[in-house]
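J.: what follows is a predicted structure for the sequence shown.
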Amino acid sequence: MMTSLFSIFEPSSSLMNLSLNWLSTYLGLLCLPFMYWASPSRWLYIWNKVICTLHGEFKILLGPKQSSMSIVFVALFSFIVWNNFLGLFPYIFTSSSHLAMTLSLSLPLWLTLMIFGWSNNSQHMFAHLVPQGTPSVLMPFMVLIETISNVIRPGTLAVRLAANMIAGHLLLTLLGGTGPSVSYYLVIVLILSQILLLVLESAVAIIQSYVFAVLSTLYASEVN
């Protein structure tokens, strides 16, 4: 029995005070060797097409000078979409719904880009703080606004991913908790609505992974 609605997101399985739920984050590594020795299948073909499409799109966003970095953001997309889908299975911990994980992805990436940009292209980074055509009177305010928007980028990336994953799981939990107290006919409607919500959550898992990777790519393209 849940003590609170948010208890479904709490790590509870442990061994010698070591949380075991976070091990689900690394289960995707077990599937990587399978792609090398198994015979090609339709699912593997579709996944390769998705990866190649994302690789080509990220290369365009990054530009010719940083096109080699696209593999980093493709791997980031693959890692996030795996954890998002894994959280849709029953009794599996959803690590992507926690700020501890999403911030650990966005903050080091943003910090690395900022250090690289300010150390190698400081003049270009200063130029980004003042948009072209800004009046002289508004320049101090624009610098302040652009600085704030730049600083909160890792937070917005992390909160966007975690909030979208939490919202869907909470809705599924709320509807599932009403099952024992409704009539037989309403249970059928409830099951159908749960299936539709699960399909919607599958789409959200892909979309949020894509948004996280694309925004990270756009932030990287501004550094150059």
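T.: Cool, the structure landed. The model shown is predicted, which means the values in this text are computed figures rather than measured ones.
J.: can you check the pLDDT for S181?
T.: As predicted, S181 sits at a pLDDT of 74.
J.: residues near it, how many?
T.: 7 (other C-beta atoms under 10 Å). (C-beta placed from N, C-alpha, C; glycine too.)
J.: same thing with the one 4 residues further on?
T.: Taking other C-beta under 10 Å as the neighbour definition, Y185 ends up with a count of 8.
J.: doesn't it belong to a helix?
T.: Yes: if the criterion is DSSP: H, G, I helix; E, B strand; the rest coil, then Y185 is within a helix.
J.: so how far is I191 from it?
T.: Using C-beta to C-beta, to the nearest Å, Y185 is found at 11 Å from I191.
J.: strands of the chain, residue ranges please.
T.: Secondary structure of the chain (DSSP state E): strands at 14-15, 18-19.
J.: which of the ones you listed has the lowest average pLDDT?
T.: Per-stretch mean pLDDT for these is lowest at strand 14-15 (a mean of 58).
J.: was I right about L197 contacting G176?
T.: No: using C-beta atoms under 8 Å, L197 is not in contact with G176; the gap is 9.8 Å.
J.: the more surrounded of these two?
T.: Counted by other C-beta under 10 Å, L197 and G176 do not tie: L197 has more neighbours, with 17 against 14.
J.: residue contacts, that one?
T.: 168, 171-172, 175 (C-beta atoms under 8 Å, 6 or more residues apart in numbering).
J.: which ones among the residues you listed are found in helices?
T.: Among those, the ones falling in helices (DSSP state H) are 168, 171-172, 175.
J.: most surrounded residue in those?
T.: Using other C-beta under 10 Å as the neighbour test, the ones in helices among the contacts of L197 are led by G168, with 23 neighbours.
J.: so what's that one up against?
T.: 197, 200-201, 204.
J.: please, a PyMOL command that selects the buried ones among these?
T.: What follows is the PyMOL syntax for the buried subset of the contacts of G168, where burial is set by 16 or more other C-beta atoms under 10 Å:
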select buried, resi 197+201+204
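J.: and the contacts of G168, which is closest to H128?
T.: V204 (31.4 Å; C-beta to C-beta).
J.: correct me, but that closest one touches I166?
T.: No: V204 is beyond contact range of I166, at 11.1 Å (criterion: C-beta under 8 Å).
J.: for this structure, what spans make up the helices?
T.: Counting by DSSP H, the chain has helices at residues 34-37, 42-62, 70-86, 99-120, 122-129, 139-151, 153-177, 184-223.
J.: from the chain's centroid, how far away is the last one?
T.: Offset of helix 184-223 from its chain centre (C-alpha atoms, centre = their mean, to the nearest Å): 11 Å.
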